[in-house]
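*Asks:* model this:
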Amino acid sequence: MVAVQKLPPSPVRDEPAVRVWRFVREPFEADTWRRVAYALLAFPLGVVCVPLALTGAPAGRWQRALVRRFLDGAEPSGASRGPAHVGSGSSRGPAHVGSGSSRGPAHVGSGSSRGPAHVGSGASEGPADGTSGSSRGLAHAVLAAPLNLLVLAVTVYGWSLVPMNLGWPLRAGSDYADAWGGPTFAGAWAFHAIVGGIGFLLLMPWLGRVMAAVQLRLAAALLS
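*Replies:* The predicted structure follows:
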């Protein structure tokens, strides 16, 4: 009789624990702060690019460079089911903000395939593409301004709530009866720190993901 050796059971991956850990560590990821940087810089750069684009400056190239630097490849995995290649006429695969060249979109930047869009190199624009590049840059600077301003306001306000609530005693008065979590000092501080401080610390990175995805889609549509 042949003895059958039982194999040890394979370790079961604790999916809920993995998801919780991913949720908790998101505020400390580099991609999170790249999205924050883009949220802070997109609107001021767009405002500056409006008059410069009217003079023929390569405003589209500058805005593409900002997207490549902070958003391209910073999107969550599993989001590769994005729209078609912008400007290529193809319906297969993710969107690409290209250079306008007939050679097809170039994958430049982080090289990651995680994001739904990849921004092409603005350096591949030929001399004849300067006017169209400026017009695309002007269109994006103007049309994306309301969205970028909203993202800037939400980012600044949301992230500022974290230190404001963690350091609530520094701005609290002497009467805690009407404060959230009062009437005791410890209860009020605990409420502000947990709900307003830690709560927004965990919420803002995921809200930033959503806002950055919308900005990236708009850039793919207008800067291609």
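*Asks:* mind listing the strands for this structure?
*Replies:* Secondary structure of the chain (DSSP state E): strands located at 95-97, 117-119.
*Asks:* where does this protein have its least confident helix or strand?
*Replies:* Scoring the helices and strands of the chain by mean pLDDT, DSSP states H and E places strand 95-97 at the bottom, with a mean of 50.
*Asks:* gap between the nearest residue to residue 168 once chain neighbours are set aside and residue 23?
*Replies:* Leaving aside its chain neighbours, residue 168 sits nearest to residue 192 (4.0 Å; criterion: C-beta to C-beta, 6 or more residues apart in numbering). Every residue, glycine included, has its C-beta placed from N, CA and C. Taking C-beta to C-beta, to the nearest Å as the measure, residue 192 falls 21 Å from residue 23.
*Asks:* compare the two (neighbour count), which wins?
*Replies:* For residue 192 versus residue 23, the count of surrounding residues by other C-beta atoms under 10 Å is larger for residue 192: 23 against 12.
*Asks:* enumerate every residue touching that one.
*Replies:* 165, 166, 168, 179, 180, 181 (C-beta atoms under 8 Å, 6 or more residues apart in numbering).
*Asks:* repeat for residue 172
*Replies:* By C-beta under 8 Å, 6+ apart, the residues touching residue 172 are 179, 185, 188, 189.
*Asks:* among those residues, name the ones in helices.
*Replies:* If you go by DSSP state H, the contacts of residue 172 have 185, 188, 189 in helices.
*Asks:* among those residues, which ones are buried?
*Replies:* By neighbour count, with 16 or more other C-beta atoms under 10 Å, the ones in helices among the contacts of residue 172 hold 188, 189 as buried.
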